[in-house]
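Q: The sequence and its predicted three-dimensional model are supplied below.
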There are 4 protein chains.
Amino acid sequence: MNTETARQIRELRETVARLHAELTRYGLVAWTSGNVSARVPGQDLLVIKPSGVSYDDLTADTIVVCDLDGALVEGDFAPSSDTAAHAYVYRAMPEVGGVVHTHSSYATAWAACGEAIPCHITAQADEFGGEIPVGPFALIGGDDIGKGIVTTLAGHRSPAVLMRNHGVFTIGRDARAAVKAAVMCEDVARTAHLARVLGQPVPIAQADIDALYHRYQNVYGQQPTAPASS
Amino acid sequence: MNTETARQIRELRETVARLHAELTRYGLVAWTSGNVSARVPGQDLLVIKPSGVSYDDLTADTIVVCDLDGALVEGDFAPSSDTAAHAYVYRAMPEVGGVVHTHSSYATAWAACGEAIPCHITAQADEFGGEIPVGPFALIGGDDIGKGIVTTLAGHRSPAVLMRNHGVFTIGRDARAAVKAAVMCEDVARTAHLARVLGQPVPIAQADIDALYHRYQNVYGQQPTAPASS
Amino acid sequence: MNTETARQIRELRETVARLHAELTRYGLVAWTSGNVSARVPGQDLLVIKPSGVSYDDLTADTIVVCDLDGALVEGDFAPSSDTAAHAYVYRAMPEVGGVVHTHSSYATAWAACGEAIPCHITAQADEFGGEIPVGPFALIGGDDIGKGIVTTLAGHRSPAVLMRNHGVFTIGRDARAAVKAAVMCEDVARTAHLARVLGQPVPIAQADIDALYHRYQNVYGQQPTAPASS
Amino acid sequence: MNTETARQIRELRETVARLHAELTRYGLVAWTSGNVSARVPGQDLLVIKPSGVSYDDLTADTIVVCDLDGALVEGDFAPSSDTAAHAYVYRAMPEVGGVVHTHSSYATAWAACGEAIPCHITAQADEFGGEIPVGPFALIGGDDIGKGIVTTLAGHRSPAVLMRNHGVFTIGRDARAAVKAAVMCEDVARTAHLARVLGQPVPIAQADIDALYHRYQNVYGQQPTAPASS
């Protein structure tokens, strides 16, 4: 591993450690139940949360480095028990730079019912481009979860998938984008739940969903020539 | 721009930056999804949140200045993608000094169902003078959202409108009043949702709603001769 | 006013200012919507929150002193618009040393439906001795709210009453006890709401409610000879 | 009591004082309503929260030491009114090193309905190995609650039991494990409630629950040779 790769890994470990604070800030996780990972660009490596370590104790030093088969390469802790699923996504989807997993309550309630989240609000059209789909039930320990994620996402614009009876996996061009998708997934899952319980949510026409999605993906936020948002 | 206007704009940028903390404090926003603006009194200008910038990073320097067509006049960032809607409101309603937009969960659930929030509690009669109305579905990008807000508010006492399938816009004599309306809108939306799910909310007679509204608008809070509340 | 009374008032203003932080900590209030008062022992006086002042800005100096007709006696701000209701309670119930008013969401949802909170959990039997009753609808501005509170509480063990379409009033031997009742009222209102929505709550036998109530009122907490809990 | 036992007690009092902060962090308790205890290994002693003392004021010095009949052995405060239940569990279950009691809202709603929480999500299979069972209604003050806890847990893998019309008791090999079970119990109670209200939760096959439980109990987290998670 050369110096530049080492520096890159160091930075990613810091970023990934820090991004876990967004999971606790938005109440997406209980105890040690969610995790963030990032691909090391140009390397067959990822960095990920260690297994069963408290969010209070996460620092760059506790974040571990694994290869894309999920084997520990560097670090003092055992990697997250979800590492195999993250690794599968990185192997199958080269455009993905970050993966997040949570059991956030509202989204997991939809997952427990095996129901996709229907697209009834513009924020969901913006970020997810339509419904948030449900993937299959899969046991932890092999590639089944990873395959379920990748197969389900392949047919949708959504960067989030609800794994049945389990929870949420989100992807992004980097770890921050995947965390944003996890935050927004719970937000739209809650609003959609509240609307379902309240009355009759009004559908949005597909053409309007398409227009919202394309605009948001191309216009929202600061463009590359402006100072980067953080 | 003369010195007095420059000073005024500086103060408004500080105020508007700080007021966003009320949106996060009350859980009205996820990630970067809501925004506050203020009219620059006596000028065809407004100050508003930049697009896609984290609430943690908002300072007076990041808040941007736009004209009342929504074009950037001063600032280092692209303005909020909702700027056109804010600008339309300022053009059409000269008495409005502040506008707030959120996707707060309970209010947006009512918006997703296209249902006005019925007035079943005195706090709603006080602040909103009756139901909180629903405006039309409108795509972002032109004047449709702004027109929908203004047309809907014209027929109601309410300083808040639920834009269908979208979220909340509130107005006020200044930005702080519009933020208060956004906070209270989510509060009454939650209580009304919980009451609907629980049983049969008891209506309040129109004469009582009128009496509560008029009293609250004229008596509540500190009067001008007393030290100002903040 | 002699020195001892002045000292006592100073202490109560500090206590009452500080106790408002419990309302925000437990999410019982939005913006400036709830208030705490305390009787000045041995005097026909009370101390209470000023009207429309932010919880962030409450200090002993902002808390005002009123007589038991609700007229301002000392302080730089207009008293809470709910002062008449607090004052009525102190006039009618000499054993009461503290009063709290909130619009906390779950309790107010029961109030909006005009339904008493049934006693389905032991914590409610402990603290409230049975159901939490509903008082009449009453307009602000005279003695109607105060009368409604006192008349309703007269027939119940509960230190909390849900005023219909309005919110919660609680009483206690001092302001801290009234704040505790407000916190516990929202807690049991939430649990009772969740249970109602979930299925068929199991009633508790009246004899068991009685046993729980009597034990809690006489045994729970630190006895006078032990160091005082705070 | 020898020096080593005194040192051990001192450490446990610090640990137990600190662990109460997890109850407030996750919103499991209101006012002073929940408590954590730990067995003193090798001694017929336990340490536990004092009765009615605010979580803000809990320090190692306020935590009390009792024998396994619940009688105060050391400390300046009266022990928690739930001490008899904790003590009964330690007497009957020698493998238990920590006990937690809360009235957390969603779990207590299931308890109010007398319904076990069905196992519809993998996180519940992991931690609880199936449904979270309901124990009998029991009055405080004797051994009835303790007996109800022990009898109910005897027939289940779950480290949590919902005592009917009351709340949650959890056990663990130490106090930290019991606190984790209390946090996860509320988390799965909330998700199961949201799923029930939303639609038709999909059952998980018993063989899959078994596989998840056995894997989690044996593989998750840091193994003894790795640095301990905290």
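A: Here it is on my side, so go on.
Q: Going by C-alpha atoms from here, please, whenever you check contacts or count neighbours.
A: Noted.
Q: who touches the one helix or strand in chain A whose mean pLDDT sits lowest?
A: The weakest-scoring helix or strand in chain A, judged by mean pLDDT, DSSP states H and E, is helix A:206-219 (a mean of 93). Residues outside helix A:206-219 that contact it (CA atoms under 8 Å, 6 or more residues apart in numbering or on different chains) are A:122, A:125, A:126, A:127, A:128, A:129, A:130, B:139, B:140.
Q: how many neighbours does the fourth one have?
A: Other residues near residue A:127 number 22, with proximity taken as other CA atoms under 10 Å in any protein chain shown.
Q: Name the nearest residue to it, ignoring sequence neighbours.
A: residue A:213 (6.7 Å; CA to CA, 6 or more residues apart in numbering or on different chains).
Q: Is it possible to get TSV of the contacts of helix A:206-219 that adds distance to residue D:92 and secondary structure?
A: Output for these, formatted as TSV (distance: CA to CA, whole Å; DSSP: H, G, I helix; E, B strand; the rest coil):
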residue	distance to residue D:92	secondary structure
A:122	56	helix
A:125	56	helix
A:126	57	helix
A:127	54	helix
A:128	53	helix
A:129	56	coil
A:130	55	coil
B:139	65	coil
B:140	65	coil
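Q: which residues touch the residue in chain A sticking out farthest from the centre?
A: The centre of chain A is farthest from one residue, residue A:199, which by CA atoms, centre = their mean lies 30.0 Å away. For residue A:199, the contacting residues are residue B:113, by CA under 8 Å, 6+ apart.
Q: any idea how far it lies from residue B:13?
A: 40 Å (CA to CA, to the nearest Å).
Q: Apart from its neighbours in sequence, what residue is nearest residue A:87?
A: Using CA to CA, 6+ apart, the closest residue to residue A:87 is residue A:68 (4.9 Å).
Q: any idea how far residue A:83 is from the one you found?
A: 9 Å.
Q: So for the two, which residue has more residues nearby?
A: More neighbours surround residue A:83 than the other of residue A:68 and residue A:83, with 28 against 20 (other CA under 10 Å).
Q: Please give me every residue in contact with the closest residue to that one other than its chain neighbours.
A: Nearest non-adjacent residue to residue A:83, counting by CA to CA, 6+ apart: residue A:70, 5.6 Å away. Neighbouring residues of residue A:70 by CA under 8 Å, 6+ apart: A:83, A:84, A:87.
Q: how many other residues sit next to the last one?
A: When you say that, I think you mean residue A:87. Residue A:87, neighbours per other CA under 10 Å, totals 28.
Q: Can you tell me the element it falls in?
A: Assigned by DSSP states H and E, residue A:87 belongs to helix A:83-92.
Q: Whatever helix or strand comes next after that helix relative to helix A:83-92, how many degrees between them?
A: Where DSSP H and E defines the elements, the next helix or strand beyond helix A:83-92 is strand A:98-102. Interaxial angle of strand A:98-102 relative to helix A:83-92 (axes from the mean of the first three to the mean of the last three CA atoms, to 10 degrees): 150 degrees.
Q: okay, the contacts of residue A:70 in JSON lines with pLDDT next?
A: Shown next, in JSON lines, are the contacts of residue A:70 (pLDDT from 0 to 100):
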{"residue": "A:83", "pLDDT": "97"}
{"residue": "A:84", "pLDDT": "97"}
{"residue": "A:87", "pLDDT": "98"}
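Q: that older thread, residues making contact with the helix holding residue A:87?
A: Residues contacting helix A:83-92 (CA under 8 Å, 6+ apart): A:37, A:39, A:46, A:48, A:67-70, A:96-97, A:99, A:141-147, A:149-150.
Q: out of those residues, which are inside helices?
A: Among the contacts of helix A:83-92, the subset assigned to helices under DSSP state H consists of A:144, A:145, A:146, A:147, A:149, A:150.
Q: List the residues that contact the residue nearest to residue A:169 when sequence neighbours are not counted.
A: Once flanking residues are discounted, residue A:169 sits nearest to residue A:101: 4.5 Å by CA to CA, 6+ apart. For residue A:101, the contact set (CA under 8 Å, 6+ apart) comprises A:34, A:35, A:36, A:167, A:168, A:169, A:170, A:182.
Q: Give me the distance between the third one and residue A:21.
A: Using CA to CA, one gets 10 Å for the distance from residue A:36 to residue A:21.
Q: residue ranges of the strands in chain A, please?
A: Ranges of strands in chain A, per DSSP state E, are A:35-40, A:45-48, A:64-67, A:72-74, A:98-102, A:134-135, A:160-163, A:167-172.
Q: Closest residue of chain A to chain C?
A: Going by CA to the nearest CA, chain C is nearest to residue A:197 of chain A, at 10.5 Å.
Q: If we ignore the residues flanking it in sequence, what's nearest that residue?
A: residue D:198 is the one closest to residue A:197 (CA to CA, 6+ apart), at 7.0 Å.
Q: My guess is that neighbour contacts residue A:196. True?
A: Yes: using CA atoms under 8 Å, residue D:198 and residue A:196 qualify as a contacting pair, with a distance of 7.3 Å.
Q: Extract the C-alpha set from stretch A:131-150 and format it as PDB.
A: C-alpha atoms of stretch A:131-150 as PDB (Å, rounded to 0.1, in the frame of the first residue of the first chain):
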ATOM      1  CA  GLU A 131     -41.400   4.100  -4.600                       C
ATOM      2  CA  ILE A 132     -38.700   2.700  -2.300                       C
ATOM      3  CA  PRO A 133     -38.700  -1.000  -3.100                       C
ATOM      4  CA  VAL A 134     -38.700  -4.100  -1.000                       C
ATOM      5  CA  GLY A 135     -36.000  -6.700  -1.400                       C
ATOM      6  CA  PRO A 136     -36.300 -10.400  -0.400                       C
ATOM      7  CA  PHE A 137     -35.900 -11.900   3.100                       C
ATOM      8  CA  ALA A 138     -32.400 -13.200   3.400                       C
ATOM      9  CA  LEU A 139     -30.300 -14.600   6.200                       C
ATOM     10  CA  ILE A 140     -27.100 -13.000   7.300                       C
ATOM     11  CA  GLY A 141     -23.800 -14.800   6.800                       C
ATOM     12  CA  GLY A 142     -23.400 -15.300   3.100                       C
ATOM     13  CA  ASP A 143     -24.100 -13.300  -0.100                       C
ATOM     14  CA  ASP A 144     -27.900 -13.500   0.100                       C
ATOM     15  CA  ILE A 145     -28.400 -10.100   1.600                       C
ATOM     16  CA  GLY A 146     -25.900  -8.500  -0.900                       C
ATOM     17  CA  LYS A 147     -27.600 -10.200  -3.900                       C
ATOM     18  CA  GLY A 148     -31.000  -9.100  -2.700                       C
ATOM     19  CA  ILE A 149     -29.900  -5.500  -2.400                       C
ATOM     20  CA  VAL A 150     -28.300  -5.400  -5.800                       C
END
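Q: Quickly check: it near chain D or not.
A: Yes: residues of stretch A:131-150 contacting chain D under CA under 8 Å from any CA of the partner chain: A:139, A:140.
Q: And the contacts of that stretch?
A: With CA under 8 Å, 6+ apart, stretch A:131-150 has contacts from A:81-82, A:84-89, A:92-93, A:111, A:114-119, A:124, A:151-153, A:156, A:158, A:160-166, A:169, D:208, D:212.
Q: Only whichever of those residues are buried, select them in ChimeraX.
A: Typed into ChimeraX, the line below selects the buried ones among the contacts of stretch A:131-150, using 16 or more other CA atoms under 10 Å in any protein chain shown:
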select /A:81,82,84,85,86,87,88,89,111,114,115,116,117,118,119,124,152,153,156,158,160,161,162,163,164,165,166,169 /D:212
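Q: Alright, calling it a day.
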